[in-house]
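Q: Could you look at this predicted model? Sequence included:
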Amino acid sequence: MKPLRKAVFPVAGLGTRNLPATKSVPKEMLPVVDRPLIQYAVDEALAAGIEQLIFVTGRGKGSMEDYFDISYELEATMRERGKSLDSLKGTRLEAGQIAYVRQQEPLGLGHAVWCARHLVGDEPFAVLLVDELLWNPVNPSISQLAETYREKGGNVISVLEVPADHTHRYGIVDPGLSTGELTEVRGFVEKPKPGTAPSRLAAIGRYVLQPEVMTVLDKGERGAGGEIQLTDALAQLIGSQPFHARTYRGARYDCGDKAGFVQANLALALERQDIGAEVREFARELLG
Ligand code: G1P
């Protein structure tokens, strides 16, 4: 079994759900407390032992590349003023650790992942959807999937049960045998029409995948919404590779949703040593 060393971050999306902020700021750069969303996803991958990060970007995403670069001017000024550089921790990765490829056209998540095929090569790889902030500092989502991958091999995805009237927003699993947190995936449907979902188990933006999915994506077949869907490509591999869904344990904030984004900020602010007490006091007063 090949070790999991690579992660793909599809970050080319226009972020229309977060407009107007995302008119000139990539949605991945929206801060939750003081760190942009992309930093949470990168930290999650690194915590799972992933070494190579592949960003699938697009036009207008340059600030993300700058963010993970050295800012000589900023650092020099901070040093001159005797300020600690601790706040920049995590923004400086090893040289060459991030590679960027572009998705020139928004043809869907499957297409975005396929744009990384030459960098992924013939190794397993993780996929992290950055607007899903999965917060479990003890055992992050990708670490949970990596563990299952080492046990079972094949493709593994994070899932959560969603309300029946939300299933049309997600990739939904047709479940086979279930043992504890693990469910065999018998089928996988992208955004099923209301009332047709095979279950309420929804993919929540974390995947550990086998490189064979790229061969399926080569065909460029269109699915839900006329897009090239990762879900459809994975469904085609059922039967030829093991495929498991692991129920995620931890907090989840859908930051592509305005309410989810505010909730992430509030929840993570309350956990902070430096500002938690002040925010808690304010929230108490505000709510009476
Ligand atoms: C994507 C995937 C979907 C998954 C969802 C999780 O959809 O296609 O299968 O359930 O992310 O957030 P999107 O939200 O990009 O439409």
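A: That came in fine, so what should we check first? Computed from a predicted model, the values in this text were never measured in an experiment.

Q: And for the closest residue to the ligand within the chain, the neighbour number?
A: Among the residues of the chain, Gly171 lies closest to the ligand, at 2.5 Å counting by CB to the nearest ligand atom. All C-beta atoms are positioned from the backbone trio N, CA, C, and that covers glycine. For Gly171, the tally of surrounding residues (other CB atoms under 10 Å) stands at 26.

Q: And for Gly195?
A: Residues near Gly195, counting by other CB under 10 Å, number 9.

Q: So it belongs to a helix, correct?
A: No - going by DSSP: H, G, I helix; E, B strand; the rest coil, the assignment for Gly195 is coil, not a helix.

Q: what's the distance between it and Val189?
A: When distances are taken as CB to CB, to the nearest Å, Gly195 and Val189 turn out to be 13 Å apart.

Q: how about the strands in the stretch 1-150 of the chain?
A: 6-10, 31-32, 35-36, 52-57, 98-102, 125-128, 132-135 (DSSP state E, counting those that start in this stretch).

Q: export the ones you listed to a markdown table and tack on mean neighbour count and distance to the ligand?
A: Converted to a markdown table, the strands of the stretch 1-150 of the chain look like this (neighbours: other CB atoms under 10 Å; distance: least, CB to the nearest ligand atom, whole Å):
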| stretch | mean neighbour count | distance to the ligand |
| --- | --- | --- |
| strand 6-10 | 25 | 9 |
| strand 31-32 | 16 | 16 |
| strand 35-36 | 18 | 18 |
| strand 52-57 | 22 | 13 |
| strand 98-102 | 16 | 18 |
| strand 125-128 | 26 | 10 |
| strand 132-135 | 22 | 5 |
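
Q: And stretch 58-71, end to end?
A: Using CA to CA, to the nearest Å, the gap from the first to the last residue of stretch 58-71 comes to 22 Å.

Q: is it true that Glu51 touches Arg5?
A: Yes - taking contacts as CB atoms under 8 Å, Glu51 lies within contact range of Arg5: 4.8 Å.

Q: Assign Arg222 to helix, strand or coil.
A: Under three-state DSSP, the three-state class of Arg222 is coil.
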